[in-house]
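*Asks:* pasting the sequence and the predicted coordinates here, then a few questions.
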Amino acid sequence: MTNLLINVDHIGTLRNAREETFPDPVHAAARCEQAGADGIVFHLREDRRHITERDVRILTETVNGKLDFELSTEEEVVSICCDVAPDLATLVPERREEVTTEGGLDVTANRQRLESVTHRLYDAGVDQVSFFVDPAPAQIEATAAAGANCIELHTGDFANASTEAAQRKEAERLAAAARTAHEADLRVHAGHGLNYKNFPLFQETVPQVAEVSIGFAVMARAILVGMDRAVRDMRTTIAGTEPQNPRS
């Protein structure tokens, strides 16, 4: 079954909005794992808008499952990632003015820098390095050429499609990209905008995906039904059964 990694960034956002010490992403990560998540995702941004270095270091010590450290190629953040050596490092684009990550990396235009960072991460003991990319063949081929051994397909266009026909078209595009990545010996991950309602179509159309990263949908549901149930419901969705009263 597809591995489920839960992104805890939004817990940090809520905490930092009031400059409080709670809710703690570390505590949230533990609850997610107890409820069935296979691992935890976080994005240490240059502006530290949600996850802090303190969070990173404690999560590194306390997460029992897989730990996915999302990062840009900014030097300080790369150094921190090399220091803690997570199971997976996912390189993502980052702009200060964006609300959340918008689109995938342009690997073809930035291959030299990405290749350099990838080798640093491997040398530091990171087993898996992934690039977050749009489902475009040129980007996937460049990802393999730059030395990554995983790829995370950006599912935002699929999630944001306004009609069922448009959504199915985007799902087929993702399926083709996943096949290309698989043929290039890349382990296929996916994320951005996946939720309880759109995941069944995604899973049906893109079976090659080994791992998904889901954050906002689970955290939004957790506000209403609690973290344990929100994670269990997502786990149930991935298993191919319907959670009770899914809103998103």
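*Replies:* Yep, that arrived.
*Asks:* hang on, Pro200 is in a helix, isn't it?
*Replies:* Yes: read with DSSP: H, G, I helix; E, B strand; the rest coil, Pro200 is one of the residues of a helix.
*Asks:* skip the chain neighbours and tell me the closest residue to Phe42.
*Replies:* Ile51 (4.6 Å; C-beta to C-beta, 6 or more residues apart in numbering). C-beta here means a position set from N, CA and C on the backbone, and glycine is covered the same way.
*Asks:* which ones are touching that neighbour?
*Replies:* Residues counted as contacts of Ile51 (C-beta atoms under 8 Å, 6 or more residues apart in numbering) are Val8, Asp9, Gly12, Pro25, Phe42, His43, Leu44, Arg45.
*Asks:* and Ala136, by the same measure?
*Replies:* Here Ala136 is in contact with Gly104, Ala177 (C-beta under 8 Å, 6+ apart).
*Asks:* measure it to Ala181 for me?
*Replies:* According to C-beta to C-beta, to the nearest Å, Ala136 stands 11 Å off from Ala181.
*Asks:* same check, this time on Phe158
*Replies:* Taking C-beta to C-beta, one finds Phe158 at 16 Å from Ala181.
*Asks:* Val225 now?
*Replies:* Val225 sits 34 Å away from Ala181, going by C-beta to C-beta.
*Asks:* Glu164 now?
*Replies:* Using C-beta to C-beta, Glu164 is found at 25 Å from Ala181.
*Asks:* the two: who's more crowded?
*Replies:* More crowded of Glu164 and Ala181, by other C-beta atoms under 10 Å: Ala181, with 27 against 9.
*Asks:* ok, Arg57 - contacts?
*Replies:* Taking C-beta under 8 Å, 6+ apart, we find Arg57 in contact with Val84.
*Asks:* what helix or strand is it located in?
*Replies:* helix 53-62 (DSSP states H and E).
*Asks:* just how off-centre is that helix within its chain?
*Replies:* 17 Å (C-alpha atoms, centre = their mean, to the nearest Å).
*Asks:* okay, now the sheet partners of the next helix or strand along the chain from it, with direction.
*Replies:* Per DSSP H and E, helix 53-62 leads on to strand 66-71 as the next helix or strand towards the C-terminus. Strands adjacent to strand 66-71 in the sheet, as given by DSSP bridges, are strand 39-43 (parallel), strand 88-91 (parallel).
*Asks:* thanks again, I'm all set now.
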